[in-house]
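Student: Everything below, folded, please.
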Amino acid sequence: MRRLVHNPLVVAGLALALLALPGGAAATAHAEPASAPSSEPLATDTATKDTEADAELSPATLAPDIATEAATMAAEVIEPDAEASDADPALAPPTPDADMDANMEAEAADLSPEPVAADTGAEAEAAPAVIELSLEAAIRRGVENNLDVEIVRYDPLVAELDYRAALGAYDPLLGGNFSLGNRRLPVAGVFQSDAEGERSGDAGISGLLPLLGWSYELSYRGRRVASTSPIQSLNPEYTASLEASLNAPLLRGFLLGPARTEVRSTRIGRALAREGFRRQLMDTIAGIESGYWNLAARRKDFEVNRKSLETARVLRDQAEVQYEVGMVSRVEVIEARAGVADREYRLIQAENEFLAAQDQLIDQVLGTQLQADTRLTLHPTDSPEDWQPLEVDEQIAADKAFALRPELAEARRRREQLELQVRFAFNQRLPQLDLVARYGTHGLAGIANPQRFACLDLDPGEDCPPLDPPPLPGFSDTDADFFEGRNNRSWSGGAVFSIPLGNRTERARHRRAKVQLQQARTRTRRIEQSIILEVRDAVRNLRSATRGIEAAERRVAAASEQLRAEQIRLEHGESTPFAVLQREEDLVEAESQKTRALQVYHNSVASLNRAQGTILRDHNIVVDEALPLR
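Tutor: This is a model prediction of the structure:
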């Protein structure tokens, strides 16, 4: 590719010098039409291009063409002919800005981080989807799809089930048993029974009384016995009883038994799990904000490096043209090519960082939609340039943090659990003193035994005398006998007392619980101190980022002016492409510095909101709406 130097006076001087070269006047005059630069791939094989360029960079070889073009331009400078220029556009000198624009347009497609979707066919099916995403939309999607949030959604459910399981200690227990037996034994006495059958069973309900920790039992027992013994007045004989018992701890276990302690501890754990979910939700949203602005910054860096590469390629081409006409040495060309290679490497790095940041945000926002073969492009629609200075008072921010931070709420809940354990351990140190009471009523029924003693010595035909009082014949009649007012009531009462001598086990447990509570209080103070430190860091970083943006903007303005001035000098032949590349590199660094400053600012805002616990409120996230399983 050949381009001409754009300063007319320099071209005129070059024309006179080239015409004086041997064979210059006799060279065939021809002019090649300027062609648009071809689009180069991202990783250019500069070694191959250098080899091809070396064969064409001889002034003697290119003298006829350059001499013809230079003579034409010199003639236009000495005797300008506007009409001829208008009539024949090919005679007009090439414009560097036009060449640069053409080169940038031709290479833009290869350097874009967003793949261009094909129109039809298989390429259209394989084209990656582009999702335009605002920060608020990213946060909403992250709350719905983020796997870290989904994991902690189970914690409150598990804690709720633990609480319900602890309440199960107060569920009444219904039980019973039944047995059937028969015995036939050899006997040696008249009073013994050689055959006996028995059926018995019982059923009842037992449990714990909430709050008090007292245990109760209500039981019903029944028995049927059939025997050949003459001393048994009834055969079969039915007995039944209905009894109630109560065991009431008055010291150890009173109001603070193991069951009630577990219920209260799991109730606190339920609130603790909710605070843990709120903490993870805050961390996830802060991470999404950071990832969003990181992607926006990486995209900006990519654009800056792409433009830098385009500029370097244009300057490389100009250096080659200047070398062709003998204005610069080969060193200048090599420096220009090295600048292109350096910027290609930087662009590759920027592209890789952009794609990595994109994958990170896809994972945070879309969850399982990130697969090994995912072809998806996220386009952040919120610009980092949209910012405004914020004034924050450290004390107000710290007060908000103490009221809203879930870490502090979790520490307080854990301290409540340990305080409960201290009270329980102290209760277990007390002696055991339980009141026990039992009350019951009994019933009896059956059929008079014709083989009883009273009936053995009767004369033939004499009736057996009846029993007094007469028995009720059936088993169900025993229940009616419960309330007949007979002497069938029973009761008992007493106390159970015990105390371990020394009681070292419970004393040590109580002491350990107190030490753990003291440790938890210290940990709470440590969290409060950490919150103060985080708030101060966030406020300081925010103020520093604000000043950093202002300084970066001034540097960008200065670097832009320096680059513009250097480009003007190059157009007038007073500079070299290498010097322009140096100025352009300063501008790239300045723009990258501004991008980093904007990213730090937005991250500082998110960190401040996270530090003072307002990040959910700022983004209108309601915990109760985010809590249910997806």
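Student: going forward, measure contacts and count neighbours with C-alpha atoms only.
Tutor: OK.
Student: Can you show me the strands along this structure?
Tutor: 129-133, 173-184, 195-208, 215-227, 234-249, 376-380, 432-448, 489-498 (DSSP state E).
Student: now for these, which one comes closest to Ala166?
Tutor: strand 195-208 (12.4 Å; CA to CA).
Student: what inclination does the closest one have with respect to strand 173-184?
Tutor: 170 degrees (axes from the mean of the first three to the mean of the last three CA atoms, to 10 degrees).
Student: list the helices and strands strand 195-208 packs on?
Tutor: strand 173-184, strand 215-227 (3 or more CA pairs under 8 Å, 6 or more residues apart in numbering; DSSP states H and E).
Student: Looking at the strands of the chain, which is nearest to Gly548?
Tutor: Smallest distance to Gly548 across the strands of the chain (CA to CA): 23.0 Å, for strand 376-380.
Student: Neighbouring strands of the closest one in the sheet, and parallel or not?
Tutor: strand 129-133 (parallel) (DSSP bridges).
Student: Please list all residues in contact with Gln593.
Tutor: By CA atoms under 8 Å, 6 or more residues apart in numbering, the residues touching Gln593 are Ala552.
Student: Quick check: which ranges of the stretch 1-150 of the chain have low pLDDT?
Tutor: 1-127 (pLDDT under 70).
Student: repeat that for 50
Tutor: Where the stretch 1-150 of the chain drops to pLDDT under 50, the residues are 1-125.
Student: likewise the chain?
Tutor: 1-125.
Student: picking up where we left off before, will you turn the helices and strands packed on strand 195-208 into JSON lines that also has distance to Asn145 and mean neighbour count?
Tutor: Output for the helices and strands packed on strand 195-208, formatted as JSON lines (distance: least, CA to CA, whole Å; neighbours: other CA atoms under 10 Å):
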{"stretch": "strand 173-184", "distance to Asn145": "44", "mean neighbour count": "11"}
{"stretch": "strand 215-227", "distance to Asn145": "49", "mean neighbour count": "19"}
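Student: Just send the ones you listed back as TSV, with distance to Leu378 too.
Tutor: Putting the helices and strands packed on strand 195-208 into TSV (distance: least, CA to CA, whole Å) gives the following:
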stretch	distance to Leu378
strand 173-184	60
strand 215-227	64
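Student: and Thr284, which of those is closest to it?
Tutor: With CA to CA, the closest approach to Thr284 among the helices and strands packed on strand 195-208 belongs to strand 173-184: 45.6 Å.
Student: what's in contact with that closest one?
Tutor: So strand 173-184 is contacted by 194-207 (CA under 8 Å, 6+ apart).
Student: before we move on, what about stretch 281-295?
Tutor: 135, 138-139, 142-143, 148-149, 354, 357-358, 360-361, 364-365, 380, 384, 599, 602-603, 606-607, 610, 613, 615-616.
Student: Identify the residues contacting Leu309.
Tutor: By CA under 8 Å, 6+ apart, the neighbours of Leu309 are 340, 343-344, 347.
Student: one more time with 7 Å, if that's ok
Tutor: Contacts for Leu309 were tallied using CA atoms under 7 Å, 6 or more residues apart in numbering; they are 340, 343-344.
Student: if I read this right, Glu196 contacts Ser229, doesn't it?
Tutor: No. Applying CA atoms under 7 Å, one finds Glu196 not in contact with Ser229, separated by 8.5 Å.
Student: Which one's more surrounded, those two?
Tutor: Ser229 (20 against 16; other CA atoms under 10 Å).
Student: hmm, back to that, show me how to select, in ChimeraX, the buried members of the contacts of strand 173-184.
Tutor: Selection of the buried residues among the contacts of strand 173-184 in ChimeraX, burial being defined by 16 or more other CA atoms under 10 Å:
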select :194,196,198,200,202,204,206,207
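Student: mind putting the contacts of strand 173-184 in JSON lines, distance to Gln280 included?
Tutor: Output for the contacts of strand 173-184, formatted as JSON lines (distance: CA to CA, whole Å):
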{"residue": "Asp194", "distance to Gln280": "78"}
{"residue": "Ala195", "distance to Gln280": "75"}
{"residue": "Glu196", "distance to Gln280": "72"}
{"residue": "Gly197", "distance to Gln280": "69"}
{"residue": "Glu198", "distance to Gln280": "66"}
{"residue": "Arg199", "distance to Gln280": "63"}
{"residue": "Ser200", "distance to Gln280": "60"}
{"residue": "Gly201", "distance to Gln280": "56"}
{"residue": "Asp202", "distance to Gln280": "54"}
{"residue": "Ala203", "distance to Gln280": "51"}
{"residue": "Gly204", "distance to Gln280": "48"}
{"residue": "Ile205", "distance to Gln280": "45"}
{"residue": "Ser206", "distance to Gln280": "43"}
{"residue": "Gly207", "distance to Gln280": "40"}
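Student: If we only consider the contacts of strand 173-184, which is nearest to Leu542?
Tutor: Once CA to CA is applied, the member of these that ends up nearest Leu542 is Gly207, at 60.9 Å.
Student: what about the closest residue to the closest one other than its chain neighbours, neighbour count?
Tutor: Excluding its sequence neighbours, the residue lying closest to Gly207 (CA to CA, 6 or more residues apart in numbering) is Pro172, at 4.7 Å. By other CA under 10 Å, the residues close to Pro172 number 14.
Student: Tell me the spacing between Pro172 and Leu218.
Tutor: Distance of Pro172 to Leu218, given as CA to CA, to the nearest Å: 11 Å.
Student: who touches both of the two?
Tutor: With CA under 7 Å, 6+ apart, Pro172 and Leu218 have common neighbours 205-206.
Student: Going along the chain, name the helices of the stretch 401-550 of the chain.
Tutor: 406-428, 477-480, 504-571 (DSSP state H, counting those that start in this stretch).
Student: out of those helices, which comes closest to Gln395?
Tutor: The nearest among these, by CA to CA, is helix 504-571 at 9.0 Å.
Student: same for the closest one, what does it pack against?
Tutor: Judged by 3 or more CA pairs under 7 Å, 6 or more residues apart in numbering; DSSP states H and E, the packing partners of helix 504-571 are helix 394-404, helix 406-428, helix 577-611.
Student: Could I get the CA-only coordinates of the shortest one as CSV?
Tutor: Translated: helix 394-404. This file holds the C-alpha atoms of helix 394-404, laid out as CSV (Å, rounded to 0.1, in the frame of the first residue of the first chain):
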residue,chain,number,x,y,z
GLU,A,394,-19.5,8.7,58.6
GLN,A,395,-21.5,8.8,61.8
ILE,A,396,-24.8,8.6,60.1
ALA,A,397,-23.6,5.7,57.9
ALA,A,398,-22.3,3.9,61.0
ASP,A,399,-25.6,4.3,62.8
LYS,A,400,-27.4,2.9,59.8
ALA,A,401,-25.0,0.0,59.7
PHE,A,402,-25.6,-0.9,63.4
ALA,A,403,-29.3,-0.9,62.8
LEU,A,404,-29.4,-2.8,59.4
